[in-house]
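**Student:** Build me a model:
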Amino acid sequence: MECSFRGVFEDGLIERVEKAIERLGWQGTVAVCGDTRPSTPALKSRIISVLMKNGNDVHDLGIGPTPYLSYYTKLHNCLGIMATASHNPEGDNGIKMFKGGVEAVDVEECNGRGPAKSIINADFRDGYIRALLNKADTEAIRDRQPIVIVDCANGTAGAFTPTLLRMAGAHVITIDAEHSNPFSRDSEPNERSLSYLPRLISGLGADFAVAHDVDGDRCRIITTHGVMDQDVQLFLMADYLCKGGETFVTTVEASQLVVDGMQRKGVNVEITPVGSNFVGRSAKKSNAVFGGEPCGEYVFPSLTHSADGVFAALMFTKMYCERGFSGPVPYYTIRGKVDNAGMKTKEKVFADIENRLMKELGVKEFTRLDGLLFTYSGAKVLVRGSNTQDIIRITCEHKDKGKAESVYRGVESIVKMCV
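**Tutor:** Okay, here's the model as predicted:
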C-alpha cells in the first residue's frame, strides 16, 4: 500500500490520503503529527477521523518535525503518520508513515475494526529534546558557547532546534521560528534559498548558521564563506562519526569524494537508491554507525533509523566546537533537471536514454540501482527520475570543472531528446 506520497493539496490528494488511511484498518495505537503548511490542519483532521472510525487509539502530537514523530513511534513501538510534503512547495501536502522509528514502505493492512476510541493529546516535545541531549556529550558546546543562527523557514523545527541548542550551551539567534504563512523562503534549504545567510553571519558576529526544511528532517550548514557544499557537509559528519572499521550508508547521489574519503579511512561504504528511507533500512540491517544523503538528511542509528535534521543541528554544533568545519575541496559537481511531463512512461524514457548513451557517447557499463549511474570521460554521472516530481535529475562530477561541464552538456542533450 502507499505509505508515502505528496502533491498539490486538492480533492484528489485528500481522497488518496483517506483511501490509504482507510486501508490500514485497525492498527492499535497510531501517532499523528503535522507540519506548518496552511492545509495541514484540514489534512490532519481527515487522517484522525478515519483512524478513529476504525477504532485506533490516536496520539496527536500536534505540530512538530518529522523526526519527532519517528522517535515517538520507536519509543512506543507504534505506527505514525506525518501530514507533510517535506521540502516541497507550500501549496503541496501529503503523508509519510513510520513504524518503530523507521520510515515505512509497506504496512500490513487489517480488515477488522477495533472498538471506538478517543483522541489523546500527546505533547512529547520536552521528552524528545532531552532524549537528543542524552545522545550527545555537550561539554564542548558549554565551554565554547558558540553563536548559532537557526533559520527555521516558519517550519516545525522552530519550536525544537533553538531550544535544543540553547539547552546544550549555545547562544542562538532565530530566524522565522514562528509558525506563519506564507513561508519566508522555499521549504528546501539550498544554495539559492539560503544565499542571504553568509553576510548575516558576519554582520551579527555569529559562528555559523543551520537551516532546516519545513518538516525538519533536513539540515544545512552555512558559514561566512557560503552555504557549505552538500557533499563536503556529508563527508564531515561521516568522518566525525566513523573512526574506521564501521559501516557508513549513503546513496548513489553522493559524491565520489565521500566514498573515497571513507574507504581510505577503512570504513565500509554501502550504497542505496536515493531516499532516507532506503538509507535508514540499510543502516538498520547492517548495524551502521551513520547514514546520510547529500541533501542534508542524516540517519543516526543510535537515535532512530530515519532522518533527523534537529539532531543533526546539535551534532554539527558539537563538531564545530570540537574540531571546526575544515573539510576537503569538493569535486566540481553540476546538478540539473529536465522536465519529463510528456506522454512517455519513465521506463520508455530511460530505455531511450540508455540506448542513446551507448550509441552516441559509447557508454558500455551502467549501475542500475537507482536510474543510470556510469562513468564517462573520467566523470561520474547519475541520471535518475525524481520520486516526487515529473523531472529527470542529472548529476555530473569531475575534479576538473571544464570536463564536468562538457560531459554534463552532452548527457543533458541526450536526456532532452528522449523525453
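**Student:** from here on, contacts and neighbour counts on C-alpha atoms
**Tutor:** OK.
**Student:** Could I have the CA atoms of stretch 60-70 written out in CSV?
**Tutor:** Coordinates of each C-alpha in stretch 60-70 appear next as CSV, following Å, rounded to 0.1, in the frame of the first residue of the first chain:
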residue,chain,number,x,y,z
ASP,A,60,-2.0,13.6,18.4
LEU,A,61,1.5,15.1,18.6
GLY,A,62,0.3,18.4,17.2
ILE,A,63,2.7,20.4,15.1
GLY,A,64,6.3,19.0,15.1
PRO,A,65,9.2,17.8,12.9
THR,A,66,9.0,14.5,11.1
PRO,A,67,11.9,13.1,13.2
TYR,A,68,9.9,13.9,16.4
LEU,A,69,7.1,11.7,15.2
SER,A,70,9.6,9.0,14.1
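**Student:** I'd like the numbering to begin with 51 instead of 1 from here.
**Tutor:** Got it, first residue is 51 now, which makes that one stretch 110-120.
**Student:** ok, residues contacting that stretch?
**Tutor:** Stretch 110-120 has contacts (C-alpha atoms under 8 Å, 6 or more residues apart in numbering) with 81-86, 130-132, 148-153, 169-175, 178, 206-207, 209, 264-267, 354, 356-360.
**Student:** cool, stretch 286-301 as well?
**Tutor:** 312, 315-325, 329, 332-333, 336-343, 366, 369, 375, 377.
**Student:** sorry, back to before: mark which of the contacts of stretch 110-120 are part of strands, please.
**Tutor:** When DSSP state E defines the strands, the subset of the contacts of stretch 110-120 inside them is 81-84, 130-132, 148-149, 152-153, 169-171.
**Student:** burial count for residue 387?
**Tutor:** Counted with other C-alpha atoms under 10 Å, residues neighbouring residue 387 total 18.
**Student:** did I read that right, it in a strand?
**Tutor:** Yes. Counting by DSSP: H, G, I helix; E, B strand; the rest coil, residue 387 is located in a strand.
**Student:** what separates it from residue 461, distance-wise?
**Tutor:** When distances are taken as C-alpha to C-alpha, to the nearest Å, residue 387 and residue 461 turn out to be 11 Å apart.
**Student:** Could you do residue 138 as well?
**Tutor:** Counting by C-alpha to C-alpha, the gap from residue 138 to residue 461 is 26 Å.
**Student:** what do you get for residue 236?
**Tutor:** Using C-alpha to C-alpha, residue 236 is found at 28 Å from residue 461.
**Student:** Just the local confidence number for the residue nearest the centre of the chain, please.
**Tutor:** The chain has residue 347 as the residue nearest its centroid, 3.6 Å off, counting by C-alpha atoms, centre = their mean. Per-residue pLDDT puts residue 347 at 98.
**Student:** Following the chain past the one helix or strand residue 111 maps to, name the next helix or strand.
**Tutor:** Counting by DSSP states H and E, the element that carries residue 111 is strand 107-113. Downstream of strand 107-113, the first helix or strand assigned by DSSP H and E is helix 116-126.
**Student:** Could I get the contacting residues of residue 231?
**Tutor:** Contacts of residue 231 (C-alpha under 8 Å, 6+ apart): 87, 88, 204.
**Student:** Dihedrals phi and psi, residue 197?
**Tutor:** phi -100, psi 120 (degrees, to the nearest 10).
**Student:** That one against residue 260, yeah?
**Tutor:** No. Contact criterion C-alpha atoms under 8 Å: residue 197 and residue 260 do not qualify, at 11.1 Å.
**Student:** Just the CA atoms of stretch 70-80, as CSV, please.
**Tutor:** Extracted in CSV, the C-alpha atoms of stretch 70-80 (Å, rounded to 0.1, in the frame of the first residue of the first chain):
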residue,chain,number,x,y,z
ALA,A,70,-4.5,5.0,2.2
ILE,A,71,-5.6,5.5,5.9
GLU,A,72,-8.8,3.5,5.4
ARG,A,73,-6.8,0.5,4.1
LEU,A,74,-4.8,0.5,7.4
GLY,A,75,-7.8,-0.6,9.3
TRP,A,76,-7.2,-1.3,13.0
GLN,A,77,-3.5,-0.8,13.9
GLY,A,78,-4.0,-0.3,17.6
THR,A,79,-2.1,2.9,18.5
VAL,A,80,-1.3,5.4,15.8
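**Student:** What lies in contact with it?
**Tutor:** Taking contacts as C-alpha under 8 Å, 6+ apart, the residues outside stretch 70-80 that touch it are 51-53, 97, 100-101, 104-109, 128-131, 157-164.
**Student:** Filter the residues you listed down to just the buried residues.
**Tutor:** Neighbour-count burial (16 or more other C-alpha atoms under 10 Å) applied to the contacts of stretch 70-80 gives 52-53, 97, 100-101, 104-109, 128-131, 157, 163.
**Student:** returning to that earlier point: I'd like to know which of the contacts of stretch 70-80 are part of strands.
**Tutor:** Per DSSP E, those map to strands at 107, 108, 109, 129, 130, 131.
**Student:** Touching the least confident helix or strand in the chain by mean pLDDT from outside, list them.
**Tutor:** When the helices and strands of the chain are scored by mean pLDDT, DSSP states H and E, strand 169-171 comes last with a mean of 84. With contact meaning C-alpha under 8 Å, 6+ apart, strand 169-171 is reached by 102, 107, 108, 109, 110, 111, 112.
**Student:** In JSON lines: the residues you listed, plus distance to residue 219.
**Tutor:** What follows is the contacts of strand 169-171, written out as JSON lines (distance: C-alpha to C-alpha, whole Å):
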{"residue": "102", "distance to residue 219": "42"}
{"residue": "107", "distance to residue 219": "38"}
{"residue": "108", "distance to residue 219": "35"}
{"residue": "109", "distance to residue 219": "32"}
{"residue": "110", "distance to residue 219": "31"}
{"residue": "111", "distance to residue 219": "27"}
{"residue": "112", "distance to residue 219": "27"}
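**Student:** At which residues are the helices of the stretch 101-250 of the chain located?
**Tutor:** Secondary structure of the stretch 101-250 of the chain (DSSP state H, counting those that start in this stretch): helices at 116-126, 175-184, 189-194, 211-218, 247-254.
**Student:** quick revisit: most neighbours, which of the contacts of residue 231?
**Tutor:** For the contacts of residue 231, neighbours tallied by other C-alpha under 10 Å; top is residue 204, 27 neighbours.
**Student:** Can you read off the pLDDT for the closest residue to residue 157 other than its chain neighbours?
**Tutor:** Spatial nearest neighbour of residue 157, excluding adjacent residues (C-alpha to C-alpha, 6 or more residues apart in numbering): residue 51 at 6.9 Å. Residue 51 carries a pLDDT value of 77.
**Student:** so how far is residue 326 from residue 51?
**Tutor:** For residue 51 relative to residue 326 (C-alpha to C-alpha), the value is 19 Å.
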